[in-house]
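Novice: I'd like to go over a predicted model; first the sequence, then the structure.
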Amino acid sequence: MSDPPQPGSDTRTRDHLANERTYLAWLRTGASAMLVGLAVARFLDNDRADAAGVDLLPLLAGALLVAVGAVGIGYGTLRCRRVAADIEAHRRTRSGQTGFAVAASTLLVLALVAALVLLVVDQA
């Protein structure tokens, strides 16, 4: 086991690894939302299919989740790159600017609720 960093030593490696873990969390969350969206769109019963044989509500719910997942992955990627540049430049990261992260997580929750509502309406 390695010794903890001494006060005043360079901790950039630790910071980069923490940044990478955060990015991977964004990636997992976005990919999970996209997979749920694909499952919703693909595997639901088509009891109320229209003339073309397509049930639009599960497709809409699935597309919403896929879009939110893609936005989450995009934001996570941009955030990771910005934080990595801040670490390399020895700048403090802009931790006070969490507005977009809060908005993204709120959007994800709202998309899940909207998908659930669309599915409940579809089953009624």
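Specialist: It's in. Numbering: from 1, shown residues only.

Novice: use CA for all of it now, contacts and neighbours both
Specialist: OK.

Novice: show me where pLDDT drops low in this protein?
Specialist: 1-9, 44-55, 93-97, 122-124 (pLDDT under 70).

Novice: 80 - rerun?
Specialist: By pLDDT under 80, the low-scoring segments of the chain are 1-10, 42-58, 92-101, 104-105, 108, 115-124.

Novice: Just the helices from it, written as ranges.
Specialist: With DSSP state H as the criterion, the chain has helices at 12-43, 56-88, 99-123.

Novice: can I get those in CSV with mean neighbour count?
Specialist: Putting these into CSV (neighbours: other Cα atoms under 10 Å) gives the following:
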stretch, mean neighbour count
helix 12-43, 17
helix 56-88, 20
helix 99-123, 15
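
Novice: Contacts only, for Gly76.
Specialist: Gly76 is in contact with Tyr23, Trp26, Leu27, counting by Cα atoms under 8 Å, 6 or more residues apart in numbering.

Novice: ugh, wrong one, Tyr23
Specialist: So Tyr23 contacts Gly76, Thr77, Arg79, Cys80 (Cα under 8 Å, 6+ apart).

Novice: Same question for Ala115.
Specialist: Pro58, Leu60, Ala61, Gly62, Leu64, Leu65.

Novice: out of everything not next to it in sequence, what's closest to Ala33?
Specialist: Of all residues not flanking Ala33 in the chain, Gly69 sits nearest, at 5.0 Å (Cα to Cα, 6 or more residues apart in numbering).
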